[in-house]
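Undergrad: sharing a sequence plus its predicted fold:
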Amino acid sequence: MTGRIVVVLIVLSSLIAGAGLYYLQVYHYYAPVTVENARLQLTSVATGEPETILTEKIEAIDASSSPIRFRACFTTPMSQAMLSETYELRDDAVPLTAPGWFECFDADEIGDALADGRALAFTGQNNIAYGVDRIVAIFDDGRGFVWHQLNNCGERAYDGSAVGPECPPRENFQSGKSESN
C-alpha cells in the first residue's frame, strides 16, 4: 500500500512540474511589445546600417529569458522589388516557431514562402544581441515577419567552440542587448 502512495505522489509531482514547465516556456516569459518599441529596420546595402522601414499593424512579442524569442508580424506598403534593391537580402533565414497563441506568426508558412520565392528574407540588424541577428521576411503581398536567429558567432559561442577574431567582443553587449539598441 505504501508503494502505491509513493508512486501516486511521484506521478502527481511529475505532472505538476511538467505543467509548470510548459506554462513557463509557452506563456510566462513572453510579453507583448508596444508599437512604439517595435521599430522595424532593415540593413541598407549602401551604408551597412539599419534603417527604419514603413510598417503598419505591428504585433510583437518578446521574452527576457532568451535573445531569440522575439517575434513580430506587420504589413508594409513597400514592394519587394524596392526593398531588394535597397536592403541586404539574407539567404540563411530559417524562421523559428512562435508560441501557438501568437497566431499571426506561422513559421512553416514563412519557411515555405521563403523556399518558393513568395517571400524574401532581409537582415534587420546584425548582432542585435551577442551572436544574434534580427531577420525580416516580407511576402509579395506586403505581409512581414520578424524573428531573431543565431549567427555564426552565436552558434560557436553557444556550442562551446572558439568564436574567433571576426566576432565582436562580448564586452560590447550588456544583458543580451547591443550597445547600438
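TA: On my side now, so go ahead. Residues are numbered from 1 along each chain as shown.
Undergrad: mind giving me the domain split of this protein?
TA: Using automatic domain parsing, the domain ranges for the chain come out as 1-29, 33-178.
Undergrad: the chain: helices as residue ranges?
TA: 2-23, 80-86, 107-116, 152-159 (DSSP state H).
Undergrad: looking at these, which is closest to residue 168?
TA: Among those, helix 152-159 comes nearest to residue 168, with 7.2 Å by C-beta to C-beta. For glycine as for every other residue, the C-beta is placed from the backbone atoms N, C-alpha and C.
Undergrad: where does this protein dip in pLDDT?
TA: In the predicted model, the chain carries pLDDT under 70 at residues 24-29, 35-38, 174-181.
Undergrad: name the single longest strand found in it.
TA: The strand spanning the most residues in the chain, taking DSSP state E as the definition, is strand 119-129.
Undergrad: which neighbouring elements make contact with it?
TA: Secondary-structure packing of strand 119-129 (3 or more C-beta pairs under 8 Å, 6 or more residues apart in numbering; DSSP states H and E): strand 41-43, helix 80-86, helix 107-116, strand 132-139, strand 143-150, strand 177-178.
Undergrad: just want the angle from it to helix 107-116.
TA: 120 degrees (axes from the mean of the first three to the mean of the last three C-alpha atoms, to 10 degrees).
Undergrad: residues in contact with strand 119-129?
TA: 40-43, 50, 67, 80, 83-84, 87-91, 93, 110, 113-114, 133-140, 146, 148, 151, 153, 168, 173, 176-178, 180-181 (C-beta atoms under 8 Å, 6 or more residues apart in numbering).
Undergrad: same check, this time on stretch 151-159
TA: Counting by C-beta under 8 Å, 6+ apart, 126-127, 130-133, 150, 162-164, 166-168, 170 sit against stretch 151-159.
Undergrad: PyMOL command to pick out the buried ones of those?
TA: To isolate the buried members of those in PyMOL, using 16 or more other C-beta atoms under 10 Å:
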select buried, resi 126+127+130+131+132+133+150+163+167
